[in-house]
Each structure stands twice: as C-alpha cells, then as structure tokens.
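Asks: Pasting a predicted model and its sequence here:
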Amino acid sequence: MDVRPDAAAPRVGGSRRSVRARLIAGVLGVWISALVLLASGAGVAPTFRPPAAAQADSRPTVIPTGSEGSCDSSLFWESRWPPSCWRPYSSASPFNQELPGAPRVAPDSDRLVAQLLSFGPIDDLKVGAADTPDDYSHPVYFSQRGDPVFTLHCYETSWGRCPIEGHRIRIPDAARPAAGGDAHLTVVSRVSGWEYDLYKVQSKPSGGGTLTFRWGGRTRINGNGLGSAATASGFGNLAGIVRATELAAGHIDHALFMIVKCDSGRWVYPAAKSGRSCSALNLPTEGALPMGARLQLAMSPAEIAALPVAGWEKTILRAMARYGMFVGDTGGYAWGIQLESGSTYTSFGRLDPLVAFARNAGWRQSGGQYVGRLRDAVDWGRYLRVIAPCVTRRTC
C-alpha cells in the first residue's frame, strides 16, 4: 500500500479520514514496538558478525576500552583486534596519564641519564621475529566463551605462592607464547575483564588442560595496569606496548614500556620490585635507574615536528614527550622500548602487521627482519630527563 501523503486513499473499508487515522495509528504502533525492542535489547543489529566458530557462543562481553568511551573497541574476537585508538587500563592508570607542562625533575636526573647512555644508544626496533628465538615481546590473546579451558600451574616454587596458581581460564587454542627465552603469553578475558600475564610458558596442551609456566599474575584490563607478576616491574604485559595500528595511525596515546640493561637494585612507583641489578653484571649500581623510573623526552610538539626524521619516528617521540617511558624490565644491550609481538597475529595464520608497516615505511632489512633506527632521531643526552616519582603519584 502506498502511504505517501500525496497518494490517493483507498475507498474500500471506510472513509478517507478513517483510513488516514488507521494509517497514522499503524505507524505509531510500529514505532512503539521498535522502542520496546530497543529497551529490551532485542532486535538490535550486531556491529559485526563474529567468526563462524564463535557464532554458537553466548552473547559476547565487550572489553572496557580503558579510554572511558573515547574509543569504541566494539566486539573484537580472536580474529579482530582492537583499533588504534584503544588502549588498555583506565584513564587514571599511570600509563595513560599525560605529564604536566613543567613536571618536577629528579634531582639526580643528569647522572641517571648519563649512566643509561653509557650502556650505548637506544636499541634498534626489530620486527619480523615472530615465532623465532628473537621474540622477547608479549603476545596478547583475547579469549571468548567456547575457547578451551586451561588450569594454570606455576612450576617455580622457590618464589612463594604463585598468585594465579590453579586459576581456570579460557584461552584460544591457537594461542602460543613468544618463542624467545622469556616465553611470555598474555590472555585477556572478555568475560571476566582480567588480563592474565604468564612468564616462561613451558607447555600448553591442545584443546585445554594444564598450562605450565614459571610465574605469572593478573591485572584488571580496565584498572591501573599494576599488580601483575610476569615482568620485573610487576606491570601488566599490555602496559606501554607499541602496536602496529598506532604507528600506522600516527599517534600513541599512552606511555611507553622501557627496557634497560640493568637497574640499581631498587624500585620506585609504579613498579613493585626490581629486575636484574647492575651489580650482577659487575657494573656500578650508583647512578643506575631504579625499576619503575619514568623518563621524558623534553621537547615541545613544534620541536618534534621540525625534526628531519620519518613520520613514524615522530609518532614515538611525541609519546615520549607527552606520556614518557616507564622502566619495566631489564635485559637487552643498552635500552629501548617494547613493540607488540607478531605472534599475536601469526598464531592465527595472519600476517604480522608490524612487518607490513616496516616494509611500507622503508625500514632496513637485516637477517630476515626489518630494522627501525631511533638512535639518531634526537640528541638523547640533551633532551632525555628523569621525572620525579611524586609526579606519577600525583603528590607534587
């Protein structure tokens, strides 16, 4: 039936006025029914259709975005990862807090920076190491209802009671740890909202069972990102990791995870413990950075924009200036930042997006990997500084 205002009303079944009234009532009825459906949560089209293997599962739970609604992470599954604007943890997390315009600088900042730089220049960024012994990153997997159930078992006994011993969680069957010596594996449960961080995964049977690893912990994905136990600092494994989507989008809206050769044997907030002391390497601890130290690149946006470097370098430098870098682990040659692990994607037969980005950005190829060099981007000795811990605590 044509119900356009200019259409001639049918003459069967009543007058023109009564038919018009019935039409109006019918339209109102449709709208009322639609509103009832919306109120009850029924009849709403999903934002996307999940993979076939997941369609039989219960209604999915959305992972909190951490950026408090500024980025809709939608309902990403094992084959759909968060968008570039998503960041883990709440806006109150130290990793998501911008530095103030004139932050208090640690009184021994110059000495700490000099000691750090004495170890050597910032480490090159290397991608393409997924599934190789060179992968010391943190593969991250998002679980869903229907994934196999694993019972967590820590084999380290000399460190006390493992905080997640005996926990039963769902993990995608295809998920696997990083192939490097640390064998990290992180699972975010979209149902419970917990991020589980595992260190030195030893065995993960197909289809579920007992997952054995040396040590681990957990933190809320919409919390502060602290209190886990898979890194030296106790940060969550998602803290400060640079993802390919962020580099491609040209913005990183969080602090960076920093790795140093060794630390002073002490720690400051937000770290909960120290890592490898410089004394273990026969190096002086005096002047070494404590675990948890926050460093900043003291450059303005205009100064960074004027640098004769590539766009991806400016993206990283802006994050260093705006949010800073937290010392979260020890190891490596000198010092550097942490990129995401390509195993997050290759475990499911997908291409590592960092490899595609590096290729398009013109990174140098070396030994089957792509290398991005930051050492010559700025005068690190001039612009790098250590921020007083009270700034992160918001007590000064």
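Replies: Sure thing, it's come through. Numbers count the residues shown, from 1 in each chain.
Asks: Check which helix or strand residue 315 maps to.
Replies: Per DSSP states H and E, residue 315 falls inside helix 311-322.
Asks: Pull out the buried positions in that helix.
Replies: Buried positions in helix 311-322, judged by neighbour count with 16 or more other C-beta atoms under 10 Å: 312, 313, 314, 315, 316, 317, 318, 319, 320, 321, 322. Every residue, glycine included, has its C-beta placed from N, CA and C.
Asks: Closest one of the residues you listed to residue 290?
Replies: Of all those, residue 320 has the smallest distance to residue 290: 18.9 Å, by C-beta to C-beta.
Asks: Next SSE downstream of the helix or strand bottoming out on mean pLDDT in the chain?
Replies: Lowest on mean pLDDT, DSSP states H and E among the helices and strands of the chain sits helix 16-40, with a mean of 39. Scanning forward in sequence from helix 16-40 by DSSP H and E, the next helix or strand is helix 109-118.
Asks: and that following helix, what other elements does it pack with?
Replies: Packing partners of helix 109-118 (3 or more C-beta pairs under 8 Å, 6 or more residues apart in numbering; DSSP states H and E): helix 380-383, strand 384-387.
Asks: Compare these and report which one is nearest to residue 336.
Replies: Using C-beta to C-beta, those put helix 380-383 closest to residue 336, at 11.7 Å.
Asks: that older thread, just say which of the helices and strands packed on helix 109-118 is most tucked in.
Replies: strand 384-387 (a mean of 22; mean count of other C-beta atoms under 10 Å).
Asks: now that strand, how far from the centre of its chain.
Replies: 24 Å (C-alpha atoms, centre = their mean, to the nearest Å).
Asks: ditto for stretch 235-248
Replies: Distance, stretch centre to chain centre, for stretch 235-248: 4 Å (C-alpha atoms, centre = their mean).
Asks: From the opening residue of it to its closing one, how far?
Replies: End-to-end distance for stretch 235-248: 25 Å, by C-alpha to C-alpha, to the nearest Å.
Asks: State the mean pLDDT of it.
Replies: The average pLDDT for stretch 235-248 rounds to 96.
Asks: Same question for stretch 291-306.
Replies: Stretch 291-306 carries an average pLDDT of 98.
Asks: Can you give me the buried ones in it?
Replies: 291, 292, 293, 294, 295, 296, 297, 298, 299, 304.
Asks: tell me the secondary structure for the fifth one?
Replies: To tie it back to what came earlier, the one meant is residue 295. strand (DSSP: H, G, I helix; E, B strand; the rest coil).
Asks: Look up the closest residue to it, ignoring the ones flanking it.
Replies: residue 325 (4.9 Å; C-beta to C-beta, 6 or more residues apart in numbering).
Asks: can you tell me which residues contact that neighbour?
Replies: Contacts here follow C-beta atoms under 8 Å, 6 or more residues apart in numbering; on that basis residue 325 touches 240, 255, 256, 257, 258, 294, 295, 296, 337.
Asks: In which helix or strand does the first one reside?
Replies: In other words, residue 240. Per DSSP H and E, there is no helix or strand for residue 240.
Asks: residues touching the closest residue to it other than its chain neighbours, list them.
Replies: Once flanking residues are discounted, residue 240 sits nearest to residue 257: 3.1 Å by C-beta to C-beta, 6+ apart. Contact analysis of residue 257 by C-beta under 8 Å, 6+ apart lists 235, 239, 240, 241, 325, 326, 328, 329, 337, 338.
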